[in-house]
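Peer 1: Okay, sequence plus prediction incoming.
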Amino acid sequence: MSNPFREDLVSRTRPEACTVVIFGATGDLTHRKLVPALYNLALDGELPPGVKIIGFARREKTDAEFRAGLEELNRKVSRTGHDDAVWSSIAPNIHYHQSEFTDADGYARLAATLDAIDRDRGGKGNRLFYIASAPEFFDDILTQLKDAGLNEAKEGCWARVIVEKPFGTDLATAQRLNRVVNQTFKEKDTYRIDHYLGKETAQNLMVLRFANAIFEPLWNSRYIEQVQITCSENLGMEGGRGGYYDKSGALRDMVQNHLLQLLSLVAMEPPTDLSADGVRDEKVKVIRSMRKWDTPEKVAQNVVRAQYTKGSVSGKSVPGYREEDRVDPESMTESYVALRIMIDTWRWSGVPFYIRVGKQLPKKATEISVHFKSPPGVLFNALPTGVPGGNVLAIRIQPDEGISLRMVSKIPGTSLRLEPVKMDFQYSTSFGKPSPEAYERLLLDAIAGDATLFARRDEVEEAWKFIDCIEQAWHQAASPLPMAEYVAGTWGPKEADDLLHEDGNTWRRL
């Protein structure tokens, strides 16, 4: 009998040659993430030979100008440095296509260019469309692709689309965008990207849980007291980001996608297999099981929002959120949010999941920490300090990807003194090489047709249902809930600490 796990794994390692069309190709994402990711895949020998890259954007550029700009930034940002020989091998396959996103003639010319590439490649017409433009153009691009017939794959070939976040701004807009996408591409050919799921440690969560007998039997409410997910940033609204961020906020910008995706990986049940839908079926069950905070009273009890005031971060004075460039001086958009989430399943009943994310915090870090219940302290109650804390499994997503386990040990000596110690694993030191960038893995998966690390339609919509209840309590209630404050360079407002103190818990220090 064949092994479905092995067949699935083997299929992922055979990406086929294709043409990658990037919409919004003059933007930062293309220059800093997408093209360097494709370059590093080529350097590592992972990019299929014959891959072509077409940048589609509105500015006037020649192929040579487009390549030169990409090369200049690749020299600065590539995780592996810049190898002239490797760049010279892929540069001739990079082309620029100038057109407005709403210009039907531009898509007709694109279709002709793709057909010519297919003829040169011997008829192989695989196409990956990457929508990296501003969100307001998503609909236009999808509609024009359909009208030009570019959404239809040739016989024996495939046509897929990657859609960047934000995927909607609430449930209604996400549902509308999903309808537009599904009228253009089949769900199996639609890849809603979340770069957090491309990070090595996020991918390793399933392996950590389901391939290690020391963890899976303990992964439930009988042994786990709480779970914390922290995403801290030590930046504010630099680079003109204030205009976008003030319309979004921390809840929409980070929690709805990145952090709920991480939570679902921590809390999911074992999937039936490693197929994309096998994994995503279990993730969406978690999101559906999250208790809705569907009244202003419940939101007030379980969610804290805040803005930073002027302070100092990394020794540098920074303005308050409302003083930032392109931010409304009377803004009620949160730069920080902390939530208590309850998952109403047999496995997690009674276990609080705490999420916090914020701007202008002391350091940049993303971490998941699983806090185990303390054993009975009968044996050590007589000690002056008791038992110093319980076991904590910390999963670092960024930076310094790795996993650590805190346990209690006796300090060497003649007296009985206990102290927490840490077993630490880091990807870079254990495997002797840095982890690939998230976009490298995700682009290769999309070319290979593996959607495991991409969000499915129902995942996105269920997440928005949870988020919309909170947003409505903040902005549509008769008496809007208050906005807390925290000094830039601190770990957030007192109200976020109080949220955990109610349960007898405290935030873990990163």
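Peer 2: Received it, and whenever you're ready, just let me know what you need.
Peer 1: and the nearest residue to Gly402 once chain neighbours are set aside, what are its phi and psi?
Peer 2: Nearest residue to Gly402, sequence neighbours excluded (Cβ to Cβ, 6 or more residues apart in numbering): Gln426, at 3.9 Å. Every C-beta, even on glycine, is put in place using the N, C-alpha and C of the backbone. Dihedral pair for Gln426: phi -120, psi 140, per degrees, to the nearest 10.
Peer 1: for Gln426, what are its contacts?
Peer 2: Each residue near Gln426 by Cβ atoms under 8 Å, 6 or more residues apart in numbering is listed here: 400-402.
Peer 1: which among those residues gets closest to Cys18?
Peer 2: Ranked by distance to Cys18 (Cβ to Cβ), the contacts of Gln426 are led by Glu401 at 28.9 Å.
Peer 1: and that closest one, what pLDDT?
Peer 2: What the model reports for Glu401 is a pLDDT of 83.
Peer 1: That one: neighbour count?
Peer 2: 20 (other Cβ atoms under 10 Å).
Peer 1: Repeat that for Gly320.
Peer 2: So Gly320, with other Cβ under 10 Å, has 18 neighbours.
Peer 1: before we move on, what about Thr506?
Peer 2: Around Thr506 there are 11 other residues, counting by other Cβ under 10 Å.
Peer 1: Give me the most central residue, this structure.
Peer 2: When Cα atoms, centre = their mean is applied to the chain, the residue found nearest the centroid is Tyr196 (2.6 Å).
Peer 1: So which of the contacts of Gln426 belong to helices?
Peer 2: In helices, defined here by DSSP state H, there are no members of those.
Peer 1: closest to Ile131 among those?
Peer 2: Of these, the one sitting nearest to Ile131 (Cβ to Cβ) turns out to be Glu401, at 27.9 Å.
Peer 1: need the helices for the stretch 351-500 of the chain, in chain order.
Peer 2: Assigned helices in the stretch 351-500 of the chain, in chain order: 427-430, 438-448, 457-475, 494-501 (criterion: DSSP state H, counting those that start in this stretch).
Peer 1: Out of those helices, which is closest to Lys298?
Peer 2: Nearest of the helices of the stretch 351-500 of the chain (Cβ to Cβ): helix 457-475, 8.0 Å.
Peer 1: what's the closest one packed up against?
Peer 2: helix 171-184, strand 190-192, helix 260-267, helix 276-289, helix 296-302, strand 303-309 (3 or more Cβ pairs under 8 Å, 6 or more residues apart in numbering; DSSP states H and E).
Peer 1: Quick one: those as TSV, columns for mean pLDDT, distance to Phe353 and mean neighbour count too.
Peer 2: As requested, those are exported to TSV (pLDDT from 0 to 100; distance: least, Cβ to Cβ, whole Å; neighbours: other Cβ atoms under 10 Å):
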stretch	mean pLDDT	distance to Phe353	mean neighbour count
helix 171-184	94	21	17
strand 190-192	95	23	23
helix 260-267	95	6	24
helix 276-289	94	10	19
helix 296-302	95	11	16
strand 303-309	97	13	24
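Peer 1: Please work out which of the helices of the stretch 351-500 of the chain is packed deepest.
Peer 2: helix 438-448 (a mean of 22; mean count of other Cβ atoms under 10 Å).
Peer 1: Can I get that one in CSV? Just the C-alpha atoms.
Peer 2: In CSV, the C-alpha atoms belonging to helix 438-448 read as follows (Å, rounded to 0.1, in the frame of the first residue of the first chain):
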residue,chain,number,x,y,z
ALA,A,438,9.5,33.2,4.5
TYR,A,439,8.8,34.3,1.0
GLU,A,440,11.3,31.8,-0.4
ARG,A,441,9.4,28.9,1.1
LEU,A,442,6.0,30.3,0.1
LEU,A,443,6.9,31.1,-3.4
LEU,A,444,8.3,27.7,-4.0
ASP,A,445,5.2,26.1,-2.4
ALA,A,446,2.9,28.1,-4.8
ILE,A,447,5.0,27.0,-7.8
ALA,A,448,4.8,23.4,-6.6
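Peer 1: I'm done for today, thanks for sticking with me.
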